[in-house]
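In: Mind folding the following:
(one chain, ligands or ions: 1)
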Amino acid sequence: MYNHTYKELITKLQVSQEDVDFFANMPFARPYIDNTSLYQPVPFVSRHDKGDLSDKFFNKAINSHDTIPRALAFMQRPGSLHSPPTDENGIDLSQGAENPFFITFCQIESGVNGYIDTAHGGVLAALFDETLGLCAESYRVFVSEEGGHLLTASLQVSYRSPVRTPSAVIIKTWMRRKEGRKWFLEAQLLDQDGLLKAEAKSLYIGLKSAL
Ligand SMILES: CCCCC/C=C\C/C=C\C/C=C\C/C=C\CCCC(=O)SCCNC(=O)CCNC(=O)[C@H](O)C(C)(C)COP(=O)(O)OP(=O)(O)OC[C@H]1O[C@@H](n2cnc3c(N)ncnc32)[C@H](O)[C@@H]1OP(=O)(O)O
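Out: The predicted structure follows:
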């Protein structure tokens, strides 16, 4: 049982200034941190200890100096998104790889290696799932304002090129379309030079009743 909603958490928790400063030094992150950016930093909710047994994988197991020591999330600033344009197939035309809705930057260290100096694919899948889940929850709360918590029903990852460690990456996520309780999202993971490392497609399903 949860004592808080995602909306309460994302509104009340603080963004770590240390994380902002860390990524602000990296050219690939700077445009998102700039005051004129279309994006705003938001708390990476699952990295916070809520005093219960939720989110332990992200706020404890992979939150250490040699795993994922830094993670910073951004969401598109609220604008005219309440009725995003869609095409005849219900595809949200306001979002895509060039204009993702939700973004995270992660610093990845050797504690998550599979092969030498290479991040384990399972960890990359977890980073995709978490960022896609936060994208879906943020879209649900701030854009479509619907009820019903979302669970991952499926996640398909295509690994295009090894992610070296240590390194920093960006994960871009966006809503593709929605069919009733089914939410389809997509994502890309790129390195600091903008090279595509992995892609993902996911299906989240809104629960019929509370968790
Ligand atoms: C969750 C938040 C709680 C709130 C707490 C507050 C704050 C928390 C803070 C932060 C959290 C914020 C964001 C979350 C971040 C990350 C997300 C990570 C989430 C996870 O890491 S979570 C763990 C892994 N996840 C599971 O543990 C799910 C296990 N599973 C199930 O619990 C059920 O399986 C379920 C509910 C998914 C569906 O069950 P159901 O009974 O509702 O669905 P049903 O059968 O009615 O199907 C309806 C339509 O979906 C189609 N459909 C169903 N399943 C499909 C599949 N797999 N592939 C393709 N299509 C599928 C059908 O074909 C039908 O389609 P159609 O309507 O067109 O016929």
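In: Toward the C-terminus from the helix ranked longest in the chain, list the very next helix or strand.
Out: Identified as the longest helix of the chain according to DSSP state H is helix 121-139. Using DSSP states H and E, the helix or strand that directly follows helix 121-139 along the chain is strand 150-159.
In: any bit of that next one sitting next to the ligand?
Out: Yes. Strand 150-159 comes into contact with the ligand (Cβ under 6 Å from any ligand atom), by way of 151-154. Glycine gets a C-beta too; all of them are placed from N, C-alpha and C.
In: Please pick the buried ones from these.
Out: Using 16 or more other Cβ atoms under 10 Å as the burial test, these include T152 as buried.
In: Compile the residues of strand 150-159 next to the ligand into JSON lines and extend it with columns for pLDDT.
Out: Shown next, in JSON lines, are the residues of strand 150-159 next to the ligand (pLDDT from 0 to 100):
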{"residue": "L151", "pLDDT": "95"}
{"residue": "T152", "pLDDT": "97"}
{"residue": "A153", "pLDDT": "98"}
{"residue": "S154", "pLDDT": "98"}
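In: for the residues of strand 150-159 next to the ligand, which one is nearest K172?
Out: Nearest to K172 among the residues of strand 150-159 next to the ligand is T152, at 18.0 Å by Cβ to Cβ.
In: Who are the contact partners of the closest one?
Out: By Cβ atoms under 8 Å, 6 or more residues apart in numbering, the contact list for T152 reads 129, 132-133, 202-204.
In: Could you list which of those residues also contact the ligand?
Out: Okay, of these touching the ligand (Cβ under 6 Å from any ligand atom), that's 129, 133, 203.
In: Of the residues you listed, which is the most crowded?
Out: G133 (22 neighbours; other Cβ atoms under 10 Å).
In: Enumerate every residue touching that residue.
Out: Counting by Cβ under 8 Å, 6+ apart, G133 touches 150, 152, 204.
In: now S110
Out: With contact set as Cβ under 8 Å, 6+ apart, S110 has these partners: 66, 117, 165-166.
In: Likewise for A71?
Out: Counting by Cβ under 8 Å, 6+ apart, A71 touches 19, 44, 47, 58, 104-107.
In: Nearest residue to G114 in space, please, no chain neighbours.
Out: Leaving aside its chain neighbours, G114 sits nearest to H120 (3.8 Å; criterion: Cβ to Cβ, 6 or more residues apart in numbering).
In: Please read the previous query as pertaining to K60.
Out: The shortest distance from K60 to any non-neighbouring residue, by Cβ to Cβ, 6+ apart, is to D49 (7.5 Å).
In: Specify the local secondary structure of that neighbour.
Out: Here D49 takes the coil state, with states given by DSSP: H, G, I helix; E, B strand; the rest coil.
In: Can you lay out the residues of strand 150-159 next to the ligand as JSON lines showing distance to L72?
Out: Shown next, in JSON lines, are the residues of strand 150-159 next to the ligand (distance: Cβ to Cβ, whole Å):
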{"residue": "L151", "distance to L72": "25"}
{"residue": "T152", "distance to L72": "22"}
{"residue": "A153", "distance to L72": "28"}
{"residue": "S154", "distance to L72": "27"}
